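Colleague: I'd like to go over a predicted model; first the sequence, then the structure.
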Amino acid sequence: MRAKIELFMHPDTHLVIQLQSLDQRIAALEKEVAALPKHIAAIEKTLESHIRKLEADRAALVANQKDRKKFEGEIQIQEQKISKLRDQMLQAKTNEQYRAFQHEIEYAEKEIRKSEDRILELMAESEPLDQNVKKAELALKEEKQSVESEKTKARERTAADQKQLTELKAERATAVAKLPPAVVTTYGRLRKKWPNSVVIAEAVKGSCSACQIVLRPQYMQDLKKSEQLMTCENCGRFLYYVRPVIEDVASVG
C-alpha cells in the first residue's frame, strides 16, 4: 500500500498558488538585477582605491629619486667648493688665512657626509617603494582583467534575468487575467502586508501553517470541500488543503 498525495482545490486556488510562485521568482530576479550594479560598483571602488595607492607609491618613489638627485647635486657643489678652497689655501700668506680655508673645507666635507648619509637613507627607503610599485602594477593588471570579466558576466546575467523577467511577467499577467478582480485585489493587499511571506498557505493538522492559528472544525470541513477560495479567519491569508489519497498497489510476488 502506498500513499499518494493529490491536490483537490478550487481552480482559483491553483491560480493564486501559481501567482505567488511567479511573484516570488520575479522578486528574486529583480533583487538579483538590482544587486549586480552594486556588486560592480563595489569592485570598481576597490580597484580605484588600489589605483590611488599605486599612484601614491609612484609619487613617493619619484619624490625619493628627486631628493637623491638634489643631495647628489649638493655634494657636487661642495666638492667644487673644496677644490677652489684648496687652490686658495696654496696662496694663503698667513697661518690665520690658512686655518680659515681649512675650517671652510672641513665644514664643506661635513656637509658632504650629511648629504651622503641622507642619500643612503633615501636608497634604503626607495627599495621597498620600488618593490611595492612593481607588485602593485602586476596585481593591478590582473585586478583590471578580473573586474572587466565580472562586468561582462554581470551584463550577461542581467540580460538573461531581464529576458526571464519578461517571460515571467507575461505568465503572471495571464494568471491574473483568469482570476476574479476581487481575488486579485485581495492578493495585492496581502502581498503588501506580507512582502516577505506567503499570501496563500496550507492548512496542516487543522491549523493555518502561516499564522499557526487553529481553524474551526466547520471551517476545515468547508475548506476540504474546495468549493470556493477561502481565507484564514485570523490572518486573512488564502488557505488550501491537501488531501492525501491512499492508493492500493498490488504487490509483485
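Modeller: That came in fine, so what should we check first?
Colleague: from here on, contacts and neighbour counts on C-alpha atoms
Modeller: Fine.
Colleague: Strands of this protein, start to end?
Modeller: Along the chain, the stretches classed as strands by DSSP state E are 2-6, 200-204, 207-208, 230-231, 238-240, 243-247.
Colleague: so what pLDDT did the closest residue to Ile17 other than its chain neighbours get?
Modeller: Closest residue to Ile17 in three dimensions, ignoring its sequence neighbours and counting by C-alpha to C-alpha, 6 or more residues apart in numbering: Ile200, at 6.7 Å. Here, the pLDDT recorded for Ile200 equals 96.
Colleague: and Ala210, how many neighbours does it have?
Modeller: Counted with other C-alpha atoms under 10 Å, residues neighbouring Ala210 total 19.
Colleague: could you measure it against Arg237, distance?
Modeller: Using C-alpha to C-alpha, to the nearest Å, Ala210 is found at 8 Å from Arg237.
Colleague: cool, and Val133?
Modeller: In this structure, Val133 and Arg237 are 62 Å apart, going by C-alpha to C-alpha.
Colleague: The two: which is more packed in?
Modeller: Just comparing Val133 and Arg237: by other C-alpha under 10 Å the higher neighbour count belongs to Arg237, 23 against 19.
Colleague: So what's the residue count around Ile75?
Modeller: Burial measure for Ile75: 20 neighbouring residues, criterion other C-alpha under 10 Å.
Colleague: again with Arg25
Modeller: Residue crowding around Arg25 was assessed by other C-alpha under 10 Å; the count is 15.
Colleague: per-residue confidence at it?
Modeller: As predicted, Arg25 sits at a pLDDT of 95.
Colleague: ditto for Asn95
Modeller: Predicted confidence (pLDDT) for Asn95: 91.
Colleague: Over to Thr186?
Modeller: 95.
Colleague: OK, contacts around it?
Modeller: Thr186 makes contact with no residue under the criterion C-alpha atoms under 8 Å, 6 or more residues apart in numbering.
Colleague: quick one: low-confidence parts of this protein?
Modeller: When the per-residue scores of the chain are filtered using pLDDT under 70, the ranges that remain are 1-8, 245-253.
Colleague: Any idea how many residues pack against the residue nearest to Leu15 when sequence neighbours are not counted?
Modeller: Closest residue to Leu15 apart from its sequence neighbours, by C-alpha to C-alpha, 6+ apart: Ala175 at 6.2 Å. By other C-alpha under 10 Å, 18 other residues sit near Ala175.
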